[in-house]
Structures are given as C-alpha cells and as structure tokens.
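Student: No sequence on hand, only this structure:
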C-alpha cells in the first residue's frame, strides 16, 4: 500500500512511501534537504515502522518542535496503524 503524509512545520511538504506488513520501502520526501533526506530514505529502506519510529521520533530541527525525521516517525506509525486496521476489518 502506498502512503502519503503531509508534514507539519518542516521544510519538506510530504512524505511518500510503501508499507507492506509493517515494513517500509520507497521513501520519498517532497521538499526539504535533498541530500540528507535521500540518505535517510536509503538507510531505513526495509525497516519496520516500529524500528523507524524508535530511532527517529523526537529528533528536532533547529528551534522547531519537530523535524523531517520526526515527521517520518509520525507518518510510519500512522501508516502501520492504518494497515493493521484495514487488515482487521478484512478478517
């Protein structure tokens, strides 16, 4: 399932990624620090939503209360919950 998340209070505007059985792949940030965000995307490819959230949640940027990495943690957590709900409804 492809997931789209609109970020809040960051230079990036959106995060796109695939999720299947809680595993995240094909992460793409729209906007933001191109090189750094491409690196993060490569590093976490194939990780579970839980692994990503554990590593990246709470990472802050400058004087903001969030960052692109923190927003990714929020997004994958939200996507994993949606995926579990969809599977539960299908059973």
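Tutor: Received it, and whenever you're ready, just let me know what you need. Given the structure is predicted, the values throughout are model-derived calculations rather than measurements.

Student: mind listing what residue 45 touches?
Tutor: 24, 25, 26, 27 (CB atoms under 8 Å, 6 or more residues apart in numbering). To be clear about C-beta, it is placed using only N, CA and C from the backbone, and glycine gets the same treatment.

Student: Which element, helix or strand, includes the residue nearest to the spatial centre of the chain?
Tutor: A centroid search over the chain (CA atoms, centre = their mean) returns residue 72, at 2.9 Å, as the residue closest to the centre. Assigned by DSSP states H and E, residue 72 falls within helix 68-90.

Student: Outside of stretch 82-91 itself, list whatever touches it.
Tutor: With contacts defined as CB under 8 Å, 6+ apart, stretch 82-91 is touched by 1, 3, 19, 21, 22.

Student: Tell me the buried residues in it?
Tutor: Within stretch 82-91, the residues that qualify as buried are residue 83, counting by 16 or more other CB atoms under 10 Å.

Student: Report the distance from that stretch to the chain centre.
Tutor: Centroid displacement of stretch 82-91 relative to its chain, using CA atoms, centre = their mean, to the nearest Å, is 19 Å.

Student: What's the mean pLDDT across it?
Tutor: Taken as a whole, stretch 82-91 has a mean pLDDT of 86.

Student: Would you map the strands across this structure?
Tutor: Using DSSP state E, the strands found in the chain span residues 2-6, 12-20, 23-31.

Student: picking that back up, looking at the contacts of residue 45, which is nearest residue 14?
Tutor: Proximity of these to residue 14 (CB to CB) peaks at residue 27, which lies at 11.3 Å.

Student: re earlier: how distant is the helix holding residue 72 from the center of its chain?
Tutor: On CA atoms, centre = their mean, the centre of helix 68-90 falls 9 Å from the chain's centre.

Student: relative to strand 12-20, how tilted is that helix?
Tutor: Taking axes from the mean of the first three to the mean of the last three CA atoms, to 10 degrees, one finds helix 68-90 and strand 12-20 inclined to each other by 40 degrees.

Student: what's around residue 78, how many residues?
Tutor: Residue 78: 14 surrounding residues under other CB atoms under 10 Å.

Student: The helix holding residue 72 versus strand 23-31: what angle between them?
Tutor: If you take the same axes, to 10 degrees, helix 68-90 sits at 130 degrees to strand 23-31.
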